[in-house]
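Novice: quick check, what structure comes out for this input:
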Amino acid sequence: MLAQLTDLPGFEHSIPVDLSIPLPTENQGATDALTMTADIAQAAIDQLDVLSGYILVFAVAFLVTVLVTPLVRKLALANGIVDHPSEARKIHKAPVAYLGGVAVYLGIMGGLIFSYVGTEVTGLIDYHPMSTEHMTDGLYHPIVPFWIALGMTSIVLVGLLDDITGIPPRVKLGGQLVAAAALALGNVGINVAAGVLIPTLGRLLHNPELIYQIPLPMAVPGFGSSIELDLIYWAGTGIIAIFVLGACNASNFLDGLDGLLTGVTSIAMAGLLAIALTLAVMDDGAFDGPRIIFGLAVLGACLGFLPHNFNPASIFLGDTGSLLLGYCSAVMILSLGDTGKTWLVAAGLIIYAIPIIDTALAIVRRKLAGKKMSDPDADHLHHMLKRAFGVKGAVFTLYGIGIVFGLLGVMLSYFRGRLIYALVLLIASYIGVYAIKVARQSQLVLEANAAKPRKGSKGAEPESNPENPADAIPKADPSIVPGES
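Specialist: Okay, the predicted model is just below:
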């Protein structure tokens, strides 16, 4: 049945309305709002229930780190492994111990070992309910893959060598590639490529699996008469390498103020854990439990180290810690795409936005200045903020920005992405343009001074302008005595 809304004020034309469909009333709108609020509250309760089952992992990692850090500091001082303030861009005035990354590594490993023991000792971990298809052999709860711990160890070894003796960049790069290879062997992050390639290239080539058999001219022992080419696996391996190399070096760039990288990583890890808990409530896949365990171990270790590292710091992360935290961030972000949900990987990258933005700006800035990427400078985001607000003010400002990006990333996992992407683009663009402008301020002034205004234009100087600026100053009349009128 149709009716015409002609008698209502504000309607100049007849608008047909199907009255067979019940129109929402004010009470119905309130009911829908209450229902949505109740659903959100229930989801939060479910997430807290899941979190409480694994919280002892966080406690162990926190306690190990907070207690071991002073011992590591004494070891560093006894062996002369300290950072001397030999460069103007460094803020500390006295030598500060390195090797803080070792304490963080021990804390994370403590949390992981506790989780391994928890699979054998009942009561240590209360695993969330999951379907048998996601359990190992249909009976056992999945554990954090040993390949992740192997990658951590590779990162820590090269970082430790660099902190103690100093090693060439290519050696550090090799250690990071070993860590990336370990993740690929453990199938951690490979499925990120599946979420991108299957609906695109797989559909185009009419081969969703993207596996091809390449025939050989003769049978080869161990291979047979053909070689299998898995495009998804090799593309995933490349993505893992990019993520690990990018995150390790981005975190290393950001580690420039007391407590900055540790706090920013803690905030990012909290946001990534929020998404991980949502996936666990949904029973998304076999990696739900290991993802939460690993995230809690990293968060606990960071917060255990932060009191020692906050300004004034008694110990620094060093390359050992900065590379390690970058690697751990990459692992968590990649793990969000374990079942092919690539938009969650995008959400993870937004949560990790501060190191990404800082690194991108460093690349642009050094390219414009004609410098090498390895050349240090004092124009990172934290350096600019330090000059304006001091060390603690700069750190807290970046904490706040990190919280904003963390909330946007978590919101992306719940709501439509266009608005979130637009907000991220807006914020990142403002930060980028302002940072580049400040970093190039002296060059911009030189360019402006070198510009010659067009003759007759508003800003043009008069033609009688003398070559010597001092000659333009009017000469005082000696007959005039100052103060007389």
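Novice: list the contacts for the most centrally placed residue in the chain?
Specialist: Nearest to the mean C-alpha position of the chain, by Cα atoms, centre = their mean, lies residue 352 at 1.8 Å. By Cβ atoms under 8 Å, 6 or more residues apart in numbering, the contact set of residue 352 is 247, 250, 268, 329, 333, 405. For the C-beta atoms, the positions are set from N, CA and C on the backbone; glycine is no exception.
Novice: what do you get if the cut-off is 7 Å, keeping everything else the same?
Specialist: Neighbouring residues of residue 352 by Cβ atoms under 7 Å, 6 or more residues apart in numbering: 268, 329, 333.
Novice: please apply the same query to residue 386.
Specialist: Counted by Cβ under 7 Å, 6+ apart, residue 386 has contacts 257, 394.
Novice: list the buried ones in whichever strand or helix holds it?
Specialist: Using DSSP states H and E, residue 386 sits within helix 381-412. Neighbour-count burial for helix 381-412, counted by 16 or more other Cβ atoms under 10 Å, picks out 381-386, 391, 394-399, 401-402, 405-406, 408-412.
Novice: tell me how many other residues surround the residue nearest to residue 167 when sequence neighbours are not counted.
Specialist: Counting by Cβ to Cβ, 6 or more residues apart in numbering, residue 161 is the residue found nearest to residue 167 once chain neighbours are left out, at 5.0 Å. Neighbour count for residue 161, taken as other Cβ atoms under 10 Å: 16.
Novice: and the next element down the chain from the helix holding residue 386?
Specialist: Following helix 381-412 in sequence, per DSSP H and E, is helix 417-439.
Novice: same for that following helix, what does it pack against?
Specialist: Packing partners of helix 417-439 (3 or more Cβ pairs under 7 Å, 6 or more residues apart in numbering; DSSP states H and E): helix 353-369, helix 381-412.
Novice: among those, which is nearest residue 286?
Specialist: helix 381-412 (22.8 Å; Cβ to Cβ).
Novice: show me how far the closest one is from its chain's centre.
Specialist: Using Cα atoms, centre = their mean, to the nearest Å, the distance from the centre of helix 381-412 to the centre of the chain it belongs to is 13 Å.
Novice: next one: stretch 366-381
Specialist: On Cα atoms, centre = their mean, the centre of stretch 366-381 falls 21 Å from the chain's centre.
Novice: kindly export that stretch (C-alpha atoms) in CSV.
Specialist: Included here for stretch 366-381 are C-alpha records, laid out as CSV according to Å, rounded to 0.1, in the frame of the first residue of the first chain:
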residue,chain,number,x,y,z
ARG,A,366,68.0,12.1,3.3
LYS,A,367,67.1,11.7,-0.3
LEU,A,368,66.4,15.4,-0.6
ALA,A,369,69.6,16.2,1.2
GLY,A,370,71.7,13.9,-0.9
LYS,A,371,72.7,11.8,2.1
LYS,A,372,73.0,8.0,2.5
MET,A,373,70.3,6.1,4.4
SER,A,374,72.9,5.1,7.0
ASP,A,375,73.9,8.7,7.7
PRO,A,376,72.5,9.8,11.1
ASP,A,377,70.8,13.1,11.6
ALA,A,378,68.9,15.1,14.3
ASP,A,379,65.7,15.6,12.3
HIS,A,380,63.6,12.6,13.3
LEU,A,381,60.2,13.2,14.7
